[in-house]
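Enquirer: test case, fold it:
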Amino acid sequence: MSALLLASAVGEGCIAVVGLIVAVISAVIFGTFGSPERERNLGAVGERFGGVYVPGFAEGDRVEFRVDGTPAHLNHFAGARGFPPFTRIRFDLAPAGCLRVFPEGIFASLRKAFGVQDIEVRDARFDGAFVIKGSPERWVCEVLDPETRQRINALASLGESVIGGAAIVIEAGPPGITVTCGKDLTGESRTLHAFVDHSLALFRRIATPGPNPVRIISASVGTPPGACPICANPLDAGARSCPACATPHHADCWNYFGGCAIYACTNRGGRKS
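Expert: Sure, this is the predicted structure:
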């Protein structure tokens, strides 16, 4: 009896594994081999910006081009069972601050109750529709000016569905600036170009300092003279100065933190010089 139960369990496990493999293979196949219309639409984007359409298998089809000298990458996924579709464009440029904007969800009020960051830009409709995270907050509010908010609303309408609602996420930080829509928009030329146009406008706004640009300053402005910005203890003769912003650190603190402790510095922790 136990042998039969064991055999049954093994059989069910094998079926589950096979099902998972089939799902993954289906996701790759259906997300990679697009229709001729999708290929034409992606190719048209590449031609428009003097870029190239790159057919792919593991990574999917994509378009590579440049905007104001910055490398940009447009890719998509048609979706498969358990793998939602998307259209995404990434710009390889780190802005002056960090930003993440995504739709409000059912747990938004719970997050706020626990003190999770959600910056408000004094636009009731926008604040009610999106969660806004980022730093410095002054920079975030400058970036999310009325025109930028209008662009984000337009992008949200492109990704809107009856079941899932608006599906748009904007992320900006050291890895670059990314706009992701929760739909595959490559099947319709006008919609795809609208996505690209709104995304380009967002990229240029996020990448361009506003009238009150954020400046990288030495930590000596906010810490006691001669103190390490990581541990706040007095510096010694072996202090290490950051080559980007000239802020001195203890050598051990620098190594422990993985780089400079000053936010937005190019040598910020995790990006050693």
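
Enquirer: mind checking how far the closest residue to His73 other than its chain neighbours is from Phe203?
Expert: When the adjacent residues along the chain are set aside, His73 lies closest to Arg90, with 4.9 Å between them (CB to CB, 6 or more residues apart in numbering). Backbone N, C-alpha and C define where each C-beta goes, glycine included. Taking CB to CB, to the nearest Å as the measure, Arg90 falls 10 Å from Phe203.

Enquirer: so what's the residue nearest to His73 up against?
Expert: Applying CB atoms under 8 Å, 6 or more residues apart in numbering to Arg90 gives the contacts 72-73, 176-178.

Enquirer: could you measure from it over to Thr178?
Expert: Taken as CB to CB, the span from Arg90 to Thr178 is 5 Å.

Enquirer: do Pro71 as well
Expert: With CB to CB as the criterion, Pro71 and Thr178 are 13 Å apart.

Enquirer: neighbour count: the two, which is higher?
Expert: A side-by-side neighbour count of Pro71 and Thr178, using other CB atoms under 10 Å, places Thr178 first with 18 against 14.

Enquirer: partner strands of the helix or strand where that one lies, with direction?
Expert: Element membership for Thr178 (DSSP states H and E) is strand 176-181. Strand 176-181 sits in its sheet next to strand 86-91 (antiparallel), strand 168-173 (antiparallel), going by DSSP bridges.

Enquirer: can you map out the helices along the chain?
Expert: 2-32, 36-48, 108-113, 124-129, 137-143, 146-158, 189-207, 251-257 (DSSP state H).

Enquirer: quick revisit: okay, and the common contacts of Pro71 and Thr178?
Expert: Phe91.

Enquirer: what residues sit buried inside stretch 120-134?
Expert: With burial defined by 16 or more other CB atoms under 10 Å, the residues of stretch 120-134 counted as buried are 121, 126-127, 129-134.
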